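A.B. asks: predicted model follows, preceded by the sequence.
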Amino acid sequence: MCYIAARFHSSLTKRSKNMTIHSMTGFANATGECGSKRINLDIRAVNHRYLDVQFKMPDDLRHLEGSLREKIAAAAARGKIECRIQVQTATAGAAALSVNHALAAELAALNDKWRGEFGGLGKLTVADILHFPGVLAAQSEDEETFVLAVQSLLDDALAEFSAARAREGEKLKAHILERLAAMDGIVDALAGQFPALVQVHLDKARARLAEAVANIDEDRLKQEFALFMQKADVDEEFSRLKTHIGEVRRIVTEAKGSIGKRLDFLMQELNREANTLGSKAIAAECTQASVELKVLIEQMREQVQNIE
């Protein structure tokens, strides 16, 4: 008869499949007893590009590895997960013990007989009799029941493991959405300022062009005109930044399936557009906006590395 009294401890996810972000890191523990055996099961997970499941358990449980691996794979899509199973003999008070009364009586009778026949023999104590092989035995558990106990413990641990990873995922979601809102604010503010910044830059370019015309330097004239046109055209960067921000927000909000790799790709695209915007800076405000955007993107990228 197995008694599964599971305890869970978690630091950071099976998923309510479609609407929750899951962190890749986490820990869960479950313990239980089956007959004379106490089972302790730990699950630990850290970031990894793919799903990598490793087991540390007694050799006589290795035949369960395939079925246990399937359960873990159904609960997690990515991460380096270690499942550690320890089996110990339960304490005498907790284990169900079986006493061979016939053998104990036989030993006591034999002791009395020999003490009468041979002088100097000591009297057997209760402890002496119980320590004799075969007198005291822990209740045995059948293999099928023990296997079911291990699998049940894993199910319980995975449930808490998944719930904990989901809770951590909600924190990651809030972190990302907050920074997306800040990025929206920076892009909108810069887009609003940009016509005035372009006008200031145009006035400066006009002064340089007047100087070039006065000196009748046609090459300089062409160069200044080309430079101005290049730096004044940032509509494409603004559009792509807004598009990528909207896509990240959609993915994070809908949270359908494994989204970590998609978000990682979008972080690269956002960073590319922020760099391009910085390279086209026509004023200090543009440079500052580019730097602030890249800081926010890097903060998100660090958290995205932890998303399944």
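C.D. replies: Received it, and whenever you're ready, just let me know what you need.

A.B. asks: only C-alpha atoms for contact and neighbour calcs from this point on.
C.D. replies: Fine.

A.B. asks: where along the stretch 1-150 of the chain do the helices fall?
C.D. replies: Assigned by DSSP state H, counting those that start in this stretch, the stretch 1-150 of the chain shows helices spanning 65-75, 101-117, 126-130, 143-214.

A.B. asks: got the CA positions of the first one in CSV?
C.D. replies: Listed in CSV are the C-alpha atoms of helix 65-75, where the atom choice follows Å, rounded to 0.1, in the frame of the first residue of the first chain:
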residue,chain,number,x,y,z
GLU,A,65,13.2,6.5,-17.9
GLY,A,66,11.4,6.3,-21.2
SER,A,67,7.9,6.8,-19.7
LEU,A,68,9.1,9.5,-17.3
ARG,A,69,10.8,11.4,-20.1
GLU,A,70,7.6,11.4,-22.1
LYS,A,71,5.7,13.0,-19.2
ILE,A,72,8.3,15.7,-18.8
ALA,A,73,8.4,16.4,-22.6
ALA,A,74,4.6,16.8,-22.5
ALA,A,75,5.0,19.5,-19.8
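
A.B. asks: before we move on, back to that, just the helices of the stretch 1-150 of the chain: most buried one?
C.D. replies: For the helices of the stretch 1-150 of the chain, average neighbour numbers computed from mean count of other CA atoms under 10 Å are highest in helix 143-214, which has a mean of 17.

A.B. asks: that one vs helix 65-75, what angle?
C.D. replies: Relative orientation of helix 143-214 and helix 65-75, computed by axes from the mean of the first three to the mean of the last three CA atoms, to 10 degrees: 40 degrees.

A.B. asks: what packs against helix 143-214?
C.D. replies: Under the contact criterion of 3 or more CA pairs under 8 Å, 6 or more residues apart in numbering; DSSP states H and E, helix 143-214 touches strand 2-3, strand 26-34, strand 37-46, helix 65-75, helix 218-232, helix 235-254, helix 284-304.

A.B. asks: ok, which of those comes nearest Ile129?
C.D. replies: The closest approach between Ile129 and any of these, judged by CA to CA, belongs to strand 37-46 at 24.0 Å.

A.B. asks: quick check: buried residues in the closest one?
C.D. replies: Neighbour-count burial for strand 37-46, counted by 16 or more other CA atoms under 10 Å, picks out 37-46.

A.B. asks: quick check, nearest of those residues to Phe132?
C.D. replies: For the buried residues of strand 37-46, the closest approach to Phe132 (CA to CA) belongs to Lys37, at 21.8 Å.

A.B. asks: the closest one is in contact with Glu143, isn't it?
C.D. replies: No: counting by CA atoms under 8 Å, Glu143 is not a contact partner of Lys37; they are 11.9 Å apart.
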